[in-house]
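K.L.:
sequence below, structure please.
(one chain, ligands or ions: 1)
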Amino acid sequence: MNFLNPAGGLKYHVQAWFHAHGLWKPYIQVIQNWIDSWPLTERSQMILIGPSAGYSLSETWLDSFAHITICEIDPVARFLFVRRFPKIKSKTAWVTGSVFESTTSWNTFLSEHPNSPILFCNFLGQAQHLKLPLTLREIITPLLGSRPWASYHDRFSSSLKPHIERSAHPRALSTSEILEEFYNALPESSGDLELYDHDTHFFGELDLNEAHYFHWAYSQSWHHLIEGVWGK
Ligand SMILES: C[S@@+](CC[C@H](N)C(=O)[O-])C[C@H]1O[C@@H](n2cnc3c(N)ncnc32)[C@H](O)[C@@H]1O
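P.N.:
Numbering: from 1, shown residues only. Next up is the predicted model:
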């Protein structure tokens, strides 16, 4: 039942309905700015992976592509995406089944869309939740050096707000660097604090153009540290 999947589904849409124009707004704005600044030389096509209803995407950015392939397994998300962007001029094609069933299905999908840039839309940090059969390495390795790709994903989430003084870094930070940089100013009372590790440290092994870090206040009491990377 894909509308109940653990990385999205109805609960997520209800949260978005409450927060997209309030609590989530500053995060959505910085993510849209980051996506806008992704330097793409060619805009004939784009692939989106797991955009949900496009809560963090802007109509202007979507409209800058002639053709968009959208991989999203949640039928409610697809319905809401179309309702949220009724006027986009880009041609859209939906992929409603998972392209991550096996390395063969992922490689077949890539060979069917050989030159298209790919944006992973806050998807890869949910891989363990979703029990994706592929590792991040298996998903990302075929893209390296072959096409533009970018991902924004959860790195950590916690009841503690990360303090981000410097968003841009020349590479993805290691776990210890993240703890030092964004969670160092822990209050004395945070001894029992739990940080949920979304297991996306893999990007630190890659030669990237840049990595950016963002705070997403998901609820009044739960915060995400989002990492954004542009691949090459
Ligand atoms: C955390 S949500 C994305 C949030 C959304 N990008 C945003 O910024 O609001 C992850 C999305 O991935 C979708 N998803 C889960 N498994 C998928 C798969 N195998 N292929 C494509 N999308 C998938 C879920 O339906 C969900 O909409």
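K.L.:
so where do the strands sit in this protein?
P.N.:
With strands called from DSSP state E, the chain shows them at 45-49, 67-71, 91-95, 118-121, 149-158, 168-169, 195-197, 210-219, 222-230.
K.L.:
stretch 62-82 - what's its average pLDDT?
P.N.:
Regarding stretch 62-82, the rounded mean pLDDT is 97.
K.L.:
distance of residue 67 from residue 115?
P.N.:
11 Å (Cβ to Cβ, to the nearest Å). Yep, even glycine has a C-beta here, placed from its N, CA and C like the rest.
K.L.:
hey, what's in contact with both of these two?
P.N.:
residue 45 (Cβ atoms under 8 Å, 6 or more residues apart in numbering).
K.L.:
which one of those two has more residues nearby?
P.N.:
Higher neighbour count among residue 67 and residue 115: residue 67, with 15 against 10, using other Cβ atoms under 10 Å.
K.L.:
number of nearby residues for the closest residue to residue 162 other than its chain neighbours?
P.N.:
The shortest distance from residue 162 to any non-neighbouring residue, by Cβ to Cβ, 6 or more residues apart in numbering, is to residue 182 (4.0 Å). Other residues within reach of residue 182, judged by other Cβ under 10 Å, total 21.
K.L.:
thought residue 182 was touching residue 164?
P.N.:
Yes: counting by Cβ atoms under 8 Å, residue 182 does reach residue 164; the two are 6.0 Å apart.
K.L.:
give me the common contacts of those two.
P.N.:
Contacts common to residue 182 and residue 164, judged by Cβ under 8 Å, 6+ apart, are 213, 225.
K.L.:
count of residues packed around residue 110?
P.N.:
18.
K.L.:
what pLDDT does it get?
P.N.:
So residue 110 comes in at 98 (pLDDT).
K.L.:
for the residue nearest to residue 162, list the residues it contacts.
P.N.:
Per Cβ under 8 Å, 6+ apart, neighbours of residue 182: 162, 163, 164, 213, 225.
K.L.:
so what secondary structure elements neighbour the helix or strand of the chain with the lowest mean pLDDT?
P.N.:
Here the helix or strand of the chain ranked lowest by mean pLDDT, DSSP states H and E is helix 127-130, holding a mean of 87. Helix 127-130 is packed against no helix or strand, with contacts defined by 3 or more Cβ pairs under 8 Å, 6 or more residues apart in numbering; DSSP states H and E.
K.L.:
buried set for that helix?
P.N.:
127, 130 (16 or more other Cβ atoms under 10 Å).
K.L.:
count the neighbours of the closest residue to residue 181 other than its chain neighbours for me.
P.N.:
Excluding its sequence neighbours, the residue lying closest to residue 181 (Cβ to Cβ, 6+ apart) is residue 173, at 6.4 Å. Applying other Cβ under 10 Å, we find 20 residues neighbouring residue 173.
K.L.:
pretty sure residue 173 contacts residue 211?
P.N.:
Yes: assessed by Cβ under 8 Å, residue 173 is found in contact with residue 211 at 6.9 Å.
K.L.:
okay then, goodbye and thanks.
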